[in-house]
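Enquirer: Quick one, what's the 3D model for this:
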Amino acid sequence: MSDPQHQERACSAALVRAFSFLGKRWNGMILGTLLDGPAGFAELRRAVGKIHDSVLSERLAELSAAGLVERTVDPGPPVTVSYQLTEKGQALLPALRELSAWAEANLPE
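Expert: Numbers count the residues shown, from 1 in each chain. I've put the predicted structure just below:
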């Protein structure tokens with residue numbers, strides 16, 4: 001019989017998955033940029049900062065594969081591509097806003 005006071009602690013597997021994915025460099029920032037609505041590739045690149053086009057493209061593909069971001073092509077002319085949060089991505093809004101508020105109040109610039 002194990003002693004309840006000495007049980008091993010373990011982080012929730014779901015929390016580990018969430019931080020492994022959302023904590024991956026740029027993913028959270030891309031999602032945060034899309035909080036205010038759809039954005040094109042160049043707009044995302046400018047908003048996120050010093051991200052290479054290939055990395056942004058890779059992250060957008062990952063976010064899309066996870067069902068958080070949707071890519072929409074408008075045939076134009078001119079052809080335009082935009083990215084927006086899916087319903088699943090929008091479900092992150094409260095958590096992202098809370099994290100942002102917490103960081104504003106508790107993390108030095």
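
Enquirer: excluding its backbone neighbours, what's nearest T86?
Expert: E70 (4.9 Å; Cβ to Cβ, 6 or more residues apart in numbering). To be clear about C-beta, it is placed using only N, CA and C from the backbone, and glycine gets the same treatment.

Enquirer: I meant to write K88 there.
Expert: G67 is the one closest to K88 (Cβ to Cβ, 6+ apart), at 4.7 Å.

Enquirer: can you give me the helices for this structure?
Expert: Assigned by DSSP state H, the chain shows helices spanning 13-22, 27-33, 41-48, 53-65, 87-90, 93-106.

Enquirer: Go through the ones you listed and name the closest to G76.
Expert: helix 41-48 (14.7 Å; Cβ to Cβ).

Enquirer: Now do the closest one, average pLDDT.
Expert: Averaged across helix 41-48, the pLDDT comes to 94.

Enquirer: do the same with stretch 65-78
Expert: 93.

Enquirer: How far away from the center of its chain is it?
Expert: Relative to the mean C-alpha coordinate of its chain, stretch 65-78 is positioned 16 Å out (Cα atoms, centre = their mean, to the nearest Å).
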